[in-house]
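Asks: Generate coordinates for the sequence data below:
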Amino acid sequence: MLYSLGRVSGKTIIDKALWKVVENKKGEKIFVLKNDSLDEREMEIIKNVSRIFKRRNDELEDCLLEYCEVMEEEMDRETWDKILRVLKKELLGYSVFENFFNAPLEEISVIGLEKDVFVYYRNYGWMKTNLRFKNEEFMKSLINKFARGLGRRLSLKTPRINATLQDGSRLHAAIPPICKEICLTIRKFDGGYFTLPDLIKRKMLSIREAVLLWMAMEVDSNILIAGNTGSGKTTLLNSLCQFLHDERIIVIEETPETKILQKHKVNLISSEEQGVDMTSLIIDSLRMRPDRVVVGEIRSGEEVRAYLQTILAGQGKGSYATFHAQNLDECIQRLLSLGMKREDINAINLITIVRRLVKLRDGKKNEERRVLGVYENRGNGSFVKIKKEFKFEMKKRIKKAFGFGDKEIKKEMERREDFLSKKILEVPNYESFYKNIGEFHRKV
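Replies: Residues are numbered from 1 along each chain as shown. Next up, the predicted model:
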């Protein structure tokens with residue numbers, strides 16, 4: 001047996017076609033996957049048709065029809081559709097994982113064989129499921145099917161992989177010896193990219209904070225977005241990149257997550273299998289005459305130092321990256337511990353701190369993502385939270401870039417606040433908002 005779906009009794013709270021949420025007698029909420037019920041005859045048909053398909057690689061319908069003709073097997077339309085549905089899911093899709101994809105989940109976690117698979121449900125937090133995997137080879141083949149599009153494969157030579165699936169979801173998988181037993185984590189992509197008006201409407205940041213970041217993106221500046229896991233660092237970075245127009249942009253990532261709509265862009269992706277790491281790609285970008293450099297995430301000391309090179313080289317108008325830290329002090333301390341000198345921190349103009357906060361409401365866990373502050377470099381390696389407007393180096397840069405005095409800056413910020421306020425009501429999609437920004441500047 002490849003996997004099992006256990007029976008769960010209790011009160012059904014949510015009931016969908018492929019899954020449901022059940023509360024048992026202990027008050028524990030369990031995410032229950034549904035499956036097509038198959039009798040022994042139907043299971044035998046699926047087993048034999050699978051062999052025909054793997055041997056001949058014909059259309060599944062043709063393989064099933066051939067089997068029925070040879071074995072003189074008769075079935076009604078409902079049975080035919082059910083068997084074909086199961087065959088497509090197992091042979092062409094992602095097996096039982098297909099049931100997860102239409103659910104409002106943020107994470108799917110396999111922690112070993114013969115153990116409950118866990119999911120993170122938006123309204124309830126972590127929940128165990130009725131699914132258990134029983135065959136390691138099946139798990140490996142399923143993981144490799146997920147990662148096939150990126151040319152990556154889980155094996156003894158490469159016992160861990162990181163990949164981005166076609167829908168934007170992120171995958172991490174590992175096998176012994178780097179872990180005790182096979183494990184898999186999928187962080188689901190929610191299906192769309194957010195604009196700055198989207199994030200304001202979701203109360204991730206204020207209109208004033210959005211305007212500050214917007215103006216900073218349009219002048220020469222280096223911005224670091226720091227936060228805890230799942231706080232929306234990349235989401236915010238994506239939304240800010242919409243303000244970059246008519247420039248050459250180099251995007252460097254481990255897994256492709258950043259969506260840049262500009263035509264003149266180059267996307268570089270690191271590959272452990274090919275021996276090309278983030279550090280070497282960041283250094284390569286210095287030879288590519290970029291206007292802007294976008295780094296998906298910096299983690300190691302080498303990556304921090306390489307990112308610093310892109311800033312200090314002065315070739316582009318700005319460099320942007322995400323970084324793991326809980327708050328401003330931790331962000332600076334981590335940068336220092338990874339090899340950045342305190343005087344070099346002056347090269348970073350803004351640090352934006354975002355956090356994923358968990359709050360309990362009516363017995364449900366609700367996650368909120370918030371910008372805790374936009375911090376401006378005072379010029380001495382220390383940062384101060386911006387309340388209403390820039391006061392230090394960023395103010396000088398804005399004055400120089402736009403040719404504004406203090407009154408003009410205030411007027412321009414009000415104009416942009418008015419623009420964003422209107423777009424919050426309109427809720428434009430990612431592509432149309434990018435066009436709206438171009439129209440906004442042409443009206444000046």
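Asks: Pretty sure residue 389 sits against residue 395.
Replies: Yes. Residue 389 lies in contact with residue 395 (C-beta atoms under 8 Å); the separation is 7.3 Å. Placement of C-beta: from N, CA and C, glycine included.
Asks: any shared contact partners between the two?
Replies: residue 409 (C-beta atoms under 8 Å, 6 or more residues apart in numbering).
Asks: hang on, residue 359 in a helix?
Replies: No. The assignment for residue 359 (DSSP: H, G, I helix; E, B strand; the rest coil) gives strand, which keeps it out of a helix.
Asks: Mind listing the residues bridging to it?
Replies: In this entry, residue 359 is beta-bridged to residue 366, by DSSP bridges.
Asks: That one: neighbour count?
Replies: Number of residues near residue 359 (other C-beta atoms under 10 Å) recorded here: 9.
Asks: Can you read off the backbone torsions of residue 206?
Replies: phi -90, psi 170 (degrees, to the nearest 10).
Asks: who are the neighbours in contact with it?
Replies: Residue 206 makes contact with 200, 371, according to C-beta under 8 Å, 6+ apart.
Asks: now it: how far from residue 196?
Replies: Remark: distance between residue 206 and residue 196 (C-beta to C-beta, to the nearest Å) = 11 Å.
Asks: Same question for residue 52.
Replies: From residue 52 across to residue 196, the span is 53 Å (C-beta to C-beta).
Asks: Of these two, give the one with the bigger neighbour count.
Replies: Neighbours were counted for residue 52 and for residue 196 using other C-beta under 10 Å; residue 196 has more, 26 against 17.
Asks: ok, that one touching residue 210?
Replies: Yes. Using C-beta under 8 Å, residue 196 is in contact with residue 210, at 5.0 Å.
Asks: what do the two both touch?
Replies: residue 420.
Asks: now the helices: where do they sit in the stretch 51-200 of the chain?
Replies: 60-70, 77-87, 136-147, 196-201 (DSSP state H, counting those that start in this stretch).
Asks: Residue 291: which of the ones you listed is closest?
Replies: Among those, the nearest to residue 291 by C-beta to C-beta is helix 196-201 (20.7 Å).
Asks: for the stretch 101-250 of the chain, which spans come out with low pLDDT?
Replies: Applying pLDDT under 70 to the stretch 101-250 of the chain picks out residues 149-151, 190-192.
Asks: What segments of the stretch 1-150 of the chain are strands?
Replies: In the stretch 1-150 of the chain, the strands defined using DSSP state E, counting those that start in this stretch lie at 3-5, 11-15, 19-23, 29-33, 105-110, 116-121, 125-133.
Asks: Return the most buried member of the ones you listed.
Replies: Among those, judged by mean count of other C-beta atoms under 10 Å, the one packed with the most neighbours on average is strand 29-33 (a mean of 23).
Asks: got the contact list for it?
Replies: Contacts for strand 29-33 (C-beta under 8 Å, 6+ apart): 5, 8, 10, 13, 18-24, 96, 99-100, 103, 105, 119, 121, 124, 127-131.
Asks: Repeat the analysis, applying 6 Å as the threshold.
Replies: The contact list for strand 29-33 (C-beta atoms under 6 Å, 6 or more residues apart in numbering) reads 5, 8, 19-23, 99, 119, 124, 127-131.
Asks: which residues does residue 187 contact?
Replies: Neighbours of residue 187 in contact, by C-beta under 6 Å, 6+ apart: 107, 170.
Asks: show me the biggest helix of this structure in terms of residues.
Replies: Longest helix in the chain by number of residues, with DSSP state H as the criterion: helix 406-426.
Asks: Quick check: pLDDT value at the residue lying closest to residue 10 once chain neighbours are set aside.
Replies: Leaving aside its sequence neighbours, residue 10 sits nearest to residue 24 (C-beta to C-beta, 6 or more residues apart in numbering; 3.9 Å). For residue 24, the model assigns a pLDDT of 92.
Asks: what's the burial count for residue 24?
Replies: For residue 24, the neighbour count with other C-beta under 10 Å is 12.
Asks: Repeat that for the one 3 residues further on.
Replies: Other residues near residue 27 number 9, with proximity taken as other C-beta under 10 Å.
Asks: any idea how far it is from residue 263?
Replies: As defined by C-beta to C-beta, residue 27 lies at a distance of 55 Å from residue 263.
Asks: Now do the phi/psi pair for the residue lying farthest from the centre of the chain.
Replies: Seen from the C-alpha centroid of the chain, the residue lying at the greatest distance (C-alpha atoms, centre = their mean) is residue 72, 49.4 Å away. The phi and psi values for residue 72, taken as degrees, to the nearest 10, are phi 50, psi 40.
Asks: quick one: average pLDDT of the helix or strand just after the longest helix of the chain?
Replies: Heading C-terminal from helix 406-426, the first helix or strand you meet, by DSSP states H and E, is helix 430-442. The average of the pLDDT scores along helix 430-442 is 86.
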